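J.: Provide a 3D model corresponding to the input given below.
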Amino acid sequence: MYFRLFYHCCLAYSLLSSFLSLQDWASYAALCAEDFTCFEPETSGRVVEGLAFHKHFFDYGNSLKAAGDVPVTCTMSNVVV
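T.: Residues are numbered from 1 along each chain as shown. Okay, the predicted model is just below:
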């Protein structure tokens, strides 16, 4: 039972990471609950609710890619499953 749960969490994490790197908003949003909450470094310790916060960074990353300015880098540190 534990192994199956761990496997599915790792698979979901891998998919989300891929969608972030590819800037694939539709696939990313399909895996996330619309009302999920999170703490992000950009929020200075404040809780963020919903997908709109993350959509902003997808849009920003896509605008950088389109302008050819900066390659998009995706990192995740201290991930806890």
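
J.: who does Glu49 bridge with?
T.: In this entry, Glu49 is beta-bridged to Thr37, by DSSP bridges.

J.: roughly how far does it sit from Tyr28?
T.: 17 Å (C-beta to C-beta, to the nearest Å). The C-beta positions use only the backbone N, C-alpha and C, and glycine is treated the same way.

J.: of those two, who's got more company?
T.: Comparing Glu49 with Tyr28 by other C-beta atoms under 10 Å, the one with more neighbours is Tyr28, at 20 against 11.

J.: what helix or strand is that one on?
T.: Using DSSP states H and E, Tyr28 maps to helix 25-31.

J.: for that helix, C-alpha coordinates in PDB please.
T.: In PDB, the C-alpha atoms belonging to helix 25-31 read as follows (Å, rounded to 0.1, in the frame of the first residue of the first chain):
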ATOM      1  CA  TRP A  25      -0.300  25.300 -18.500                       C
ATOM      2  CA  ALA A  26      -3.200  23.100 -19.600                       C
ATOM      3  CA  SER A  27      -1.600  19.900 -18.500                       C
ATOM      4  CA  TYR A  28      -0.300  21.500 -15.200                       C
ATOM      5  CA  ALA A  29      -3.700  22.900 -14.300                       C
ATOM      6  CA  ALA A  30      -5.400  19.500 -15.100                       C
ATOM      7  CA  LEU A  31      -3.300  17.800 -12.400                       C
END
